[in-house]
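Engineer: I would like to see how this sequence folds:
(chains A and B)
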Amino acid sequence: MEPAADMILSLVSSCVYSLRVELTFAAVLGALWAVGRKTGLAGAKTQLASTRKRPPSSGAPAGRAKPGDRSGRASDAAAATLPGGVGGVDPKLLRDPRWLVPQVTRLCRAEARTALELYRAAHRAGVDLASAERDECEYMFLSMVTATIRTGQLDEAMVLLQELRRHGPGISSALLGSTTKLCTSKQLYAECLAIFDFAAEDKELKIADRSVWSCLLFCAIETKELERCKLFWRRLESCGAPSCKDYGNMIRYASAAGDWKLSLELVQQMRQSDTEIDSVSYNTCVATCVAADRVDEARTLLDEMAECGGVSDAITYNTLSKGYAKAGRLEQCFELFELMTQRRVEPTQVTYGILLDCCINENQVARAAEVFEQMKANGCVMNTVLYTTLIKGFARDGHVDKAMEVYELMRSERTIPPDLITFSILIKANCDSGRLGAALRLKEAMLGLGLKADEVIFNNILGGCAKEADAYLAKCTYKEMVDSGVRPSNATFSILIRLYAQCKLLDEAVDMLRTEPAAQRVAPEPRLYSQLAHCCLRERRGKQATEVYLMMLEHGPLTASAHGGMLGMCVKLNMLDTAAEILSMAAEAGGRVDQADADQVLKAARKKRKGQCEETIASAMRALGLRPSPA
DNA sequence: GTAGGGTTAG
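Structural biologist: Sure thing, here's the model as predicted:
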């Protein structure tokens, strides 16, 4: 192991050296750019950029609300002004829909606020819209609603829709179409869904416009209202063939829902309907399979992509490689690397990152060194992730000093800064090797770089405290964590239980588990109670173990395996009275206990000739619907 | 809109 570690370290140093040239180059370029900007060369560029600047609705379906081009914009603006303001309008005019409706409609284009004011004034004056031309009236509402959405007054828009339903002609599918598209293009996704929900209360409303369903699907994905996607998709399909973008959005849904089968079906459907499949959709599908541990399906997909030609890219290979890495299939990671090289797909930093990490996770340090060398030979430059992966490799191998050397290298270079994950690994490595002081200094250095400690950083330090049985430092750290607004998790509580057990402060562990999850608004996982109960039993604190068992019951009945674990531990430690008590409580609470686990307890009690205990166990078993085996 | 590195658990 030692030579491999040295080799990697020397490789890193030389890599940094070769990087210097690139960095100098980058710095020169940057300076040139800055000069160019000053001399006005960038002026043209800025202009170019601003023309390109559009609402970022890349995945959003096309289509926008049409303003209804009835007359020129300039003449509208001229006609739109009211000489005496809204207050100066003759109430008789206000009550006349033939005057009011065109006025409001026109005002909407240039002076939305005045339009709304005028409409409200007419409303107060008692205008009766029922006598207005239906189309004109509908169009007025459309103009007002879209104007309020455009100016970000969504509450006003909702009020208008309510009035439209109550006093006007009702919400038409055309109006819904315009608002849906407008909201989507303005990235008002939740609002879009809310308006749809309001409109859909009218069961007569028919929506045949496919792009409405496209927008709704997109909004549901963006707002993570995943349960709505399938319905929108069905409606979309019923309005005709979904577009490439629609499929892309549905594939995003399948990914978010972890539905790899659906993801594959969608790709299949796209092929059958001759819909173009872009690489992002393909890659998302590959990633969905990988996330669901269906690596072989992902591989099939890559092969199909390679056959079509042009769609597979480095991301496809990297995603699949990650899948192999996750499954511990290192050889296939390397095969895939070979394959992409053969197919002239250029490996990226991510490619090497995945390969390196997989070697490290499979404890193949020498192999990692080879990858590193190849990476350098191919001119791949280091970045924070690659450095961090190396640090992880050294830390994993027990070479904390070497990990720290890489860190010092990063610090002295100043161009590739360590981040939260780098520090997290370093802090844990130091904690694990009993260097709590060094870990705390790293945390200070981290804060000095402007990074804010997150949950994992705090958990790692708490883990260090547990190892050193330093309850005082742990309490300070936990307080700092909560005070700085970092919410603890089940992992945190689990570490705290370990800490208190290590310090033989079980009472404090019980107290902590009783109060902290609720205080921090975290739902405690059942296994926290199991963990603590086990700690109590290990210390032969039967009374306390049953107390924890009762706390556990407050959160619902226990699984048979949770019971099995506790009962097994009792038998192992010869705490049969505690086992009997747990069985009785389980019977009372109507929990599940396996026959074998209960039998084991009964047998142990007989062996020890504990008559009273035996009886308690047997009757608890009968209450649990189990058969005590004959003596 | 898609890809890599971090914490718990007997």
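Engineer: Show me what from the stretch 251-400 of chain A comes close to DNA strand B.
Structural biologist: A:252, A:278-281, A:283-284, A:287, A:314-315, A:318-319, A:322, A:348-354, A:357, A:383-389, A:392 (Cβ under 7 Å from any atom of the strand). All C-beta atoms are positioned from the backbone trio N, CA, C, and that covers glycine.
Engineer: Quick check: closest non-adjacent residue to residue A:548.
Structural biologist: residue A:533 (4.5 Å; Cβ to Cβ, 6 or more residues apart in numbering).
Engineer: near DNA strand B at all, the helix or strand hosting the one you found?
Structural biologist: Per DSSP states H and E, residue A:533 falls inside helix A:526-538. Yes - using Cβ under 7 Å from any atom of the strand, helix A:526-538 reaches DNA strand B at A:527, A:530, A:531, A:534, A:535, A:538.
Engineer: and whatever helix or strand comes next after that helix with helix A:526-538, angle?
Structural biologist: For helix A:526-538, the succeeding helix or strand toward the C-terminus, using DSSP H and E, is helix A:542-553. Angle, helix A:542-553 to helix A:526-538, by axes from the mean of the first three to the mean of the last three Cα atoms, to 10 degrees: 170 degrees.
Engineer: Distance from helix A:542-553 to the middle of the chain?
Structural biologist: 35 Å (Cα atoms, centre = their mean, to the nearest Å).
Engineer: shaky segments in chain A?
Structural biologist: Along chain A, the model assigns pLDDT under 70 to residues A:1-5, A:7-81.
Engineer: In chain A, which residue sits furthest out from the middle?
Structural biologist: residue A:92 (57.9 Å; Cα atoms, centre = their mean).
Engineer: so where does that residue fall, helix or strand?
Structural biologist: Assigned by DSSP H and E, residue A:92 belongs to helix A:91-94.
Engineer: and that helix, what does it pack onto?
Structural biologist: helix A:97-110, helix A:112-125 (3 or more Cβ pairs under 8 Å, 6 or more residues apart in numbering; DSSP states H and E).
Engineer: tell me, how many neighbours does the residue of the stretch 501-631 of chain A found nearest DNA strand B end up with?
Structural biologist: Nearest to DNA strand B in the stretch 501-631 of chain A, going by Cβ to the nearest atom of the strand, is residue A:531, at a distance of 3.4 Å. Neighbour count for residue A:531, taken as other Cβ atoms under 10 Å: 20.
Engineer: Residues of the stretch 501-631 of chain A that sit close to DNA strand B?
Structural biologist: Going by Cβ under 7 Å from any atom of the strand, the residues of the stretch 501-631 of chain A near DNA strand B are A:527, A:530, A:531, A:534, A:535, A:538.
Engineer: From the residues you listed, keep the buried residues only.
Structural biologist: A:530, A:531, A:534, A:535 (16 or more other Cβ atoms under 10 Å).
Engineer: show me what contacts the closest residue to the third one other than its chain neighbours?
Structural biologist: Closest residue in space to residue A:534, ignoring its immediate chain neighbours: residue A:569 at 5.9 Å, by Cβ to Cβ, 6+ apart. With contact set as Cβ atoms under 8 Å, 6 or more residues apart in numbering, residue A:569 has these partners: A:534, A:537, A:538, A:575.
Engineer: secondary structure element for residue A:604?
Structural biologist: Judged by DSSP H and E, residue A:604 forms part of helix A:595-607.
Engineer: Hmm, I typed the wrong one, I wanted residue A:324.
Structural biologist: helix A:314-326.
Engineer: And that helix, what does it pack against?
Structural biologist: helix A:279-291, helix A:295-308, helix A:330-342, helix A:349-361.
Engineer: all helices of the stretch 351-500 of chain A, in order?
Structural biologist: With helices called from DSSP state H, counting those that start in this stretch, the stretch 351-500 of chain A shows them at A:365-377, A:384-396, A:400-413, A:420-432, A:436-448, A:455-467, A:471-483, A:490-502.
Engineer: Ok, which of the ones you listed comes nearest residue A:509?
Structural biologist: Closest approach to residue A:509 among these (Cβ to Cβ): helix A:490-502, 3.6 Å.
Engineer: what's the closest one packed up against?
Structural biologist: helix A:455-467, helix A:471-483, helix A:506-519, helix A:526-538.
Engineer: quick one, which of those is packed in tightest?
Structural biologist: helix A:455-467 (a mean of 23; mean count of other Cβ atoms under 10 Å).
Engineer: If you count contacts, what does that helix end up packed against?
Structural biologist: Using 3+ Cβ pairs under 8 Å, 6+ apart: helix A:455-467 touches helix A:420-432, helix A:436-448, helix A:471-483, helix A:490-502.
Engineer: now the third one against helix A:455-467, angle please.
Structural biologist: With the same axes, to 10 degrees as the basis, helix A:471-483 and helix A:455-467 are set at 170 degrees to each other.
Engineer: Any figure for the gap between the spatially closest residue to residue A:114 that is not a sequence neighbour and residue A:122?
Structural biologist: Excluding its sequence neighbours, the residue lying closest to residue A:114 (Cβ to Cβ, 6+ apart) is residue A:107, at 5.2 Å. With distances taken as Cβ to Cβ, to the nearest Å, residue A:107 is found 12 Å from residue A:122.
Engineer: Walking through the stretch 101-250 of chain A, point out its helices one by one.
Structural biologist: Using DSSP H, counting those that start in this stretch, the helices of the stretch 101-250 of chain A run over A:112-125, A:134-150, A:154-166, A:173-185, A:189-200, A:210-222, A:229-238, A:244-256.
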